Every structure is written in structure tokens, then in C-alpha cells.
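With the input below, show me the fold.
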Amino acid sequence: MVELKLYDSLSRSVQVFAPLGSAPVGIYSCGPTVYARQHLGNMRPYVFADLLRRTLQSAGHPVRHVINITDVGHLTSDEDEGADKVELAAARANTSAQTITELYTSLFQADLHRLGVLSPDLWAKASAHIPEQIAMIQKLEARGFCYHTTDAVYFDTRRAPHYGELSGLRPSALHSRVGAHSQKRNAADFALWKLSPQGGPKRQLEWSSPWGVGFPGWHIECSAMASKYLGDQFEIHTGGIDHVAVHHSNEIAQAEHALDVRPWVKYWMHGAWLTMEGAKIAKSAGLAPNLDDLVAIGVSPAAFRYYLMTAHYRSALDLSLEALRAADIGFERLSQFVARHVDSPAASSSATGRATWRAQFFAALYDDLDAPRAIAVLWCILADASLALGERARLIAELGGVLGLAWNATRTAQPSPDVLQLLAQRETARSARDFLQADALRAELSKRGFTIEDSPDGPQLHRAR
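Purely as a prediction, here's the structure:
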């Protein structure tokens, strides 16, 4: 088995990956709260998790991947107060919570497909796992980690000696993070089960429990579902960097003390934010472009995936039109090269050269998923004149596939014979150095909806944006 190195957020160091046993490597990725369309920033953690999964599989590790769907319990405040985001969205739309969650779950899954993200082995919906969540809370209660207030059952963080290790913050330092609740013993304590408010509109999402009618806290959902499908201990938990201080810290505390294990998860992996003009992309800020917005300006979802991989998953990446255009052009050039030459007949070229490029590619990928360095290898292959065109194209197609790059998901034109004739006439004019005529033919092609990219491999037609 090859050596694969991954950065672990808990130890704050790069570790050589070692599975817990012979079973498939368990990966749990925190899924979305499905009360609205997921924006471009939301999509980055799933492209990262997909790259992780593909990398593990390329290294010979079978994988079992679980993504949850949060359709209840995520409140508008980390202070265990405010409205349930799904209930609030349903009220605003004057429809049922189920209608809201089904709509946005479907859109989310469709967007993942457009980005080339492999479907997980299991989708785990929070509202379908209420018994498991109640059972985990009961275990915590039996071990003395819970206390009751008039509005909830809370986890007592003072009983958890390792609480806050993931974020590097001790409970005493978390008062600035979570506002004081009148009935909480500690500011960092979090709700395991919330009781439905008395009076006012009846909640759509509520269940009977040993503590009264209510609904689960956001954090208990992931601990219960991950443990059900991946075991009391598993290898990797992924999510965005914004999950470290609250959500994932709470998951660790409740899971380890309910299951009496340590560590619950061997490696914690977090992706950095996608920003826009330096600010986090967020629905609450009204700054939430989605994949449809990219398509509207001529950037394909496949090119956006390529763009995300031009930065390391642990590095912040700023979204700008200029950067998107550059990534789109680069992705299209690689795609066109593959499309034009992948079926070219084999030639006598260097097997050593191909092996060297593969070795460099996987050395990058197995060094904590260094996708930017892996992509640089693809461009080196493109320029390697010691390899035949077909060999280069097939090698780029093969290695790009490991990154999940779909070379056929491009704006590749399907020109008519008369368009091809105009293109040929332009090349004749350029060869004769009749640049006035060449520019006139370019303008005519533009009128017909085509742009031309002049490359070392010849002119390439693209559908105009």
C-alpha cells in the first residue's frame, strides 16, 4: 500500500494515513441544512471530500462514505436559541417543512452531480434517525453528562475534560463564542434535545421523547448517524473550517462519552472557506451565488471544479470573475486537447516518461491532497513533446479522472460544415499573412456564435458565451 499523508485538524499535523482495520475506510461528511439553495461556498467542502474519497480509492483503500441531510434542529443561533431554519423557511414560503427539505435536498444532490461529486454510499437524513438520537442522549444521561432545564436537555461540558481540544479553546474561553443562556450551567453547554415551545404555532417537526415532545439538537444528529453507519470508531470526518469550534467540538464530546471511546474519529479534516472580495460567502449576508449563476456567465460546473482545485483545500480561495475566466479557459484548453487527441493511434513513445509523470502526479496527490501541484503535472504532460499527442491526451484523461475532472463536460463546439469551412479559410489567410481577411473571417464566425482560441495545437472553436 502506498504512503498517503493527510492533515489532521485535531493533532494539527500531517499524519501518515493508517486505516483502523481491514473494513472499508469510513468517511463522514457533514451535509447541508436544507432550508435554501446551496451556494458556491457550500459546495467547496464536498468537492474536497470527493477528492479525498477518490484519492483513497486510487491508493487502494475501499471507502464507505456517508453524507447527512440536516432537515431539523439547526437553529438560527449557535446559542441554542432562535427559530429552526427549516421551520422558518417553510413559514416564509407558506408551505410544509417536508416540501422545503425535499426541494433543497434534490437541488443539492443535482448540484453535486453537476460538479462530478460521486454519490455517497449513504444519505442519512436527520429526521429519519430520531430513535438513534434519543438512544444516544439516554446513554449520556445514564453516564451523568446531561442536565435538564425548562426548554431543553443540555450536555454539561464541564464533565468532558477534553472539550475544546479540536478548536484549541478550553470551555472557560468559550464565553465569547456562545452567549449566556439563563438556564445553562456553562456558556459552552449545548442542547441535546429541545422541548417544543408552549403556546404559539405548533411545530411541524417534533417527536415524543422521554423528556417531552420536542426535536433533536443539531449536533447529536451527526454523532448518532455517523456511529450507526460507520461504527463506534471510524477513520475520517470532514467538513468546513467553520464547523471546528462549535459543531465538531460538540460532536466529539457527546459521541466519545456516549460510546465510551477515544478517539471517536481518527482524522479530522477541514476545508477552508471560499470567499468573495475577502468575505465569506454566506446566505445571511445576501452574498450567495450558485452554480446556475456561473452557467449564466458561461462558466461550466466542471470548470468550477477545476477552479476549486487550483488552490489547496486548506487554503482560502477568493472568487473573482477574472480568476473564474482564467480557470475556465485553462480547463477548456485541456479538455479540447483530450477531445482532439485521445483516440490518436499509439506511437512509439517513452514508457519511462509516462511513468515519471504518473509518479509526480500521485506524489502530489498523496501529499495531503495537493491538487494544485497535481494539476501542474497535467500541464507539464501537455507540453511534453517527447510523448506522442495521443499518449499525452490519454495520460491527461487518466490522471484528470482521478481528480474527478470530466473533460467531456465542456463547451466543445459541434460546428456545421460551413463553419468548419470558414475556419479553414481563416487558417489559409493567416498562413498567407492576410491578417485583415483572417480578422474578417473571425468576425463572421463570431456572428455565428463561435469564438476561436489560437493554440500551439491549432485553432480551437468554442461556443461564444
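
ok, residues contacting stretch 358-365?
Applying Cβ atoms under 8 Å, 6 or more residues apart in numbering, the contact partners of stretch 358-365 are 2, 55, 58, 370-371, 373-374, 376-378, 380, 395, 399, 402-403. All C-beta spots, glycine's among them, are computed from the backbone N, C-alpha and C.

Now intersect those with the helices, please.
Judged by DSSP state H, helices contain the following of the contacts of stretch 358-365: 55, 58, 371, 373-374, 376-378, 380, 395, 399, 402.

Which pLDDT value belongs to residue 463?
Looking at residue 463, its pLDDT reads 63.

again with residue 385
For residue 385, the predicted pLDDT is 91.

Nearest to residue 228 among the contacts of stretch 358-365?
residue 55 (25.8 Å; Cβ to Cβ).

how close does the nearest residue to that closest one once chain neighbours are set aside get to residue 407?
Spatial nearest neighbour of residue 55, excluding adjacent residues (Cβ to Cβ, 6 or more residues apart in numbering): residue 365 at 5.4 Å. With distances taken as Cβ to Cβ, to the nearest Å, residue 365 is found 18 Å from residue 407.

roughly how far apart are the residue nearest to residue 55 and residue 337?
Separation of residue 365 from residue 337 (Cβ to Cβ): 21 Å.

now for the longest helix anywhere in the chain, which elements pack on it?
Longest helix of the chain, by residue count under DSSP H: helix 321-341. Applying 3 or more Cβ pairs under 8 Å, 6 or more residues apart in numbering; DSSP states H and E, one finds that helix 321-341 makes contact with helix 301-308, helix 371-382, helix 389-402, strand 450-455, strand 458-463.

if you set the cut-off to 7 Å instead, what comes out?
helix 301-308, helix 371-382, helix 389-402 (3 or more Cβ pairs under 7 Å, 6 or more residues apart in numbering; DSSP states H and E).

With mean pLDDT as new columns, can those be given to me in JSON lines?
JSON lines is the format used below for the helices and strands packed on helix 321-341 (pLDDT from 0 to 100):
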{"stretch": "helix 301-308", "mean pLDDT": "96"}
{"stretch": "helix 371-382", "mean pLDDT": "98"}
{"stretch": "helix 389-402", "mean pLDDT": "96"}
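
ranges for the strands of the stretch 1-150 of the chain?
5-8, 13-16, 25-29, 63-69, 122-125, 146-148 (DSSP state E, counting those that start in this stretch).

any idea how the protein splits into domains?
Per automatic domain parsing, the domain ranges recorded for the chain read 5-276, 297-402, 417-463.

Tell me which of these sits nearest to residue 289.
Among those, the nearest to residue 289 by Cβ to Cβ is domain 5-276 (5.5 Å).
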